[in-house]
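Novice: predicted coordinates and the sequence they were generated for:
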Amino acid sequence: INLMEVVYRIQSHDFVPILAHPERYPYLYEEPKLYEELVEKGVLLQVNFGSFIGQYGRHSKLVAEKLLKNNLIHLLATDSHRPNAIYPDVPKIVEYLTKLVGEEKVDQLTTMNPEKVLNNEDIEIEEFEPIKWSFFEKQKIYKKWGSQHNSSLTTLFFYCIINTVVIVRKSFKYFAMEVL
């Protein structure tokens, strides 16, 4: 089973998939067209605040910024599994993001869209720009993973888990998934 099959299965049950921290999956950022395909299929991308300050490495920071600038992020989250892990840094990260894309966009990703998820309302998928890595960006990405990483989605297996989503109604439409 591959990622697109998982997306299809989730959507066949009338859920909207939310992919957690897509900036951290090498097989996605090595094939950036996959981000576009996922979003075109209605998958929402949820990026971690910590990625913008390098908490998960410079590769995740580079990818998170590219996803943001290309309008491929729908939600921002802490991905915090323990108290106070990232929370003290959120204000400075929000300030940084505001400089990159403006206050309105940051408010949409941090407040408006998460409220829509909790209220079971639709999130509009806006136009986005295709991701194109520069020569130097590719060097940074492949330097870490090199040939040791097989990016073929047909050989990868995906497992979905409910990721920090409280289902408050039987008709709840969002399904958060993490690729393990």
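Specialist: Structure received.
Novice: what about the helices in this protein?
Specialist: Along the chain, counting by DSSP state H, helices occupy 3-12, 26-29, 33-40, 58-69, 90-101, 103-107, 113-118, 135-145.
Novice: V47: which of those is closest?
Specialist: Among the helices of the chain, the nearest to V47 by Cβ to Cβ is helix 58-69 (5.1 Å). The way it works is simple: take the backbone N, C-alpha and C, and place the C-beta from them, glycine included.
Novice: lowest-pLDDT helix or strand in this structure?
Specialist: None of the helices or strands of the chain scores lower by mean pLDDT, DSSP states H and E than strand 174-177, at a mean of 68.
Novice: mind listing what the closest residue to L67 other than its chain neighbours touches?
Specialist: In this structure, L67 finds its nearest non-sequential neighbour in I73, 5.1 Å apart by Cβ to Cβ, 6 or more residues apart in numbering. Contacts for I73 (Cβ atoms under 8 Å, 6 or more residues apart in numbering) come out as 45-47, 64, 67, 109.
Novice: what's the pLDDT at I10?
Specialist: On the pLDDT scale, I10 is placed at 87.
Novice: tell me how far it lies from L19.
Specialist: Distance, I10 to L19, using Cβ to Cβ, to the nearest Å: 10 Å.
Novice: comparing the two, which shows the higher neighbour count?
Specialist: Neighbour totals were compared for I10 and L19, and L19 leads with 26 against 19 (other Cβ atoms under 10 Å).
Novice: and for N70, the neighbour number?
Specialist: Neighbour count of N70, defined by other Cβ under 10 Å: 17.
Novice: you'd agree Y29 is up against V63?
Specialist: Yes: the criterion here is Cβ atoms under 8 Å, and Y29 meets it with V63 at 4.6 Å.
Novice: quick one: which of those two has more around it?
Specialist: More crowded of Y29 and V63, by other Cβ under 10 Å: V63, with 29 against 25.
Novice: can you pull the contacts of the more buried one?
Specialist: By Cβ under 8 Å, 6+ apart, the residues touching V63 are 22-24, 29, 51, 141.
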